[in-house]
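Enquirer: let me see the structure of the following:
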Amino acid sequence: MRILFKQSLVIFWFLWWAFAFLTDFIGGLELLGLTSTPWFDGHNFPFLQKTLAQFGASIAVDVILFVGIILWLFLSTLLFAFASFTPYSQTDRWQKRVDAAFIVSLGLWLAFFWRIRQL
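Expert: Now for the predicted structure:
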């Protein structure tokens, strides 16, 4: 039962990060005018711009940070996907992949929390 819980938790975070990545990625494509999705309303980039405007950040800084967030989300998604599809029977390999996925994703959470605390 404990093994099933652990595997389910890893799959949950894989789906969470995949959704977060797709949300920002599609939002970025819309901002570039490369796609139009009337059912989708991505507000993360405008929120980032509004937040960074207090510090006088240029559009280049906004874009670089947004692309960095998207890449970090993609990396978290990939690492959780690798962990999700690694058989639990290969315990050492599975644990290393889970550890890497959680460390990278926690780094992103901490970056956001640190930034919010600074505001």
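Enquirer: which outside residues touch the helix or strand F47 falls within?
Expert: Take DSSP states H and E as the rule and F47 turns out to sit in helix 44-53. Residues from elsewhere that reach helix 44-53, judged by Cβ atoms under 8 Å, 6 or more residues apart in numbering: 23-24, 27-28, 31, 59, 61-62, 65-66, 69, 115, 119. C-beta: built from backbone N, CA, C; applies to glycine.
Enquirer: excluding chain neighbours, what is closest to W94?
Expert: T86 (4.7 Å; Cβ to Cβ, 6 or more residues apart in numbering).
Enquirer: for that neighbour, what are its contacts?
Expert: Per Cβ under 8 Å, 6+ apart, neighbours of T86: R93, W94, R97.
Enquirer: from those, which is closest to L4?
Expert: Relative to L4, the closest of these is W94; by Cβ to Cβ it sits at 13.4 Å.
Enquirer: so the closest one sits right up against S84, yeah?
Expert: No - using Cβ atoms under 8 Å, W94 is not in contact with S84, being 9.7 Å away.
Enquirer: distance of the spatially most central residue of the chain relative to F112?
Expert: Nearest to the mean C-alpha position of the chain, by Cα atoms, centre = their mean, lies L73 at 2.6 Å. Separation of L73 from F112 (Cβ to Cβ, to the nearest Å) stands at 11 Å.
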